[in-house]
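Asker: Pasting a predicted model and its sequence here:
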Amino acid sequence: MTFAKAMICLWYDKDAEAAARFYAKTFPDSSVDAVRLAPADYPSGKAGDVLTVEFTVAGVRCVGLNGGPAFTHDEAFSFMIVTEDQAETDRLWNAVVGNGGRESACGWCKDRWGVSWQITPRVLLEAMAAGGPEAERAFTAMMDMTKIDVAAIEAARRG
């Protein structure tokens, strides 16, 4: 058994395993690595219930904790997934939103468990890194979008 020195811990009401399995099937380089059962009763569950799930999302090690309804996710934390083209952007966006999630602005969406995702085409990151007028045009175009439109960002970069 090996454990990463640092992992992201995500608090779920009771669906950590379902969330981890969705992430594993949806995002490249993702997996469910271990499911751990509670050794005894705890405030929001019983002995034998799924307590934690170790999983990887796009190469990032995580643990999901079924801690009950006391805490919920918000936009202060999000996974940013960098996509290579419109097809990948559409596939991932549609998977998250189409599985009980909801759209937000500027390439952000939430999954059915309330975790925020930024589905971000590489072309947008490259435009922002370029700085100056190119970044300003791409940023302005992005501000009017929900899901990012790669062709519109490319057009904005060119001016």
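Answerer: Sure thing, it's come through. These figures come from a predicted structure and were not determined experimentally. Numbers count the residues shown, from 1 in each chain.
Asker: just checking, residue 17 is part of a helix?
Answerer: Yes: under DSSP: H, G, I helix; E, B strand; the rest coil, residue 17 falls within a helix.
Asker: Pull the number of nearby residues for it.
Answerer: Neighbours of residue 17 under the rule other Cβ atoms under 10 Å: 17. For the C-beta atoms, the positions are set from N, CA and C on the backbone; glycine is no exception.
Asker: Quick check: the gap between it and residue 141.
Answerer: Using Cβ to Cβ, to the nearest Å, we find residue 17 at a distance of 39 Å from residue 141.
Asker: just residue 43 next, same as before
Answerer: The separation that residue 43 has from residue 141, given Cβ to Cβ, amounts to 48 Å.
Asker: quick one: which of the two has more around it?
Answerer: Just comparing residue 43 and residue 141: by other Cβ under 10 Å the higher neighbour count belongs to residue 141, 19 against 7.
Asker: and that one, what element?
Answerer: Using DSSP states H and E, residue 141 sits in helix 132-143.
Asker: pLDDT of stretch 24-43, averaged?
Answerer: Per-residue pLDDT values across stretch 24-43 average out to 97.
Asker: what's around the residue nearest to residue 15 when sequence neighbours are not counted, how many residues?
Answerer: With sequence-adjacent residues excluded and distances taken as Cβ to Cβ, 6 or more residues apart in numbering, residue 15 is closest to residue 113, at 5.9 Å. Residues within reach of residue 113, counting by other Cβ under 10 Å, total 21.
Asker: One more: the one 3 residues further on?
Answerer: Using other Cβ under 10 Å, residue 116 has 19 neighbouring residues.
Asker: do the same with residue 115
Answerer: Applying other Cβ under 10 Å, we find 21 residues neighbouring residue 115.
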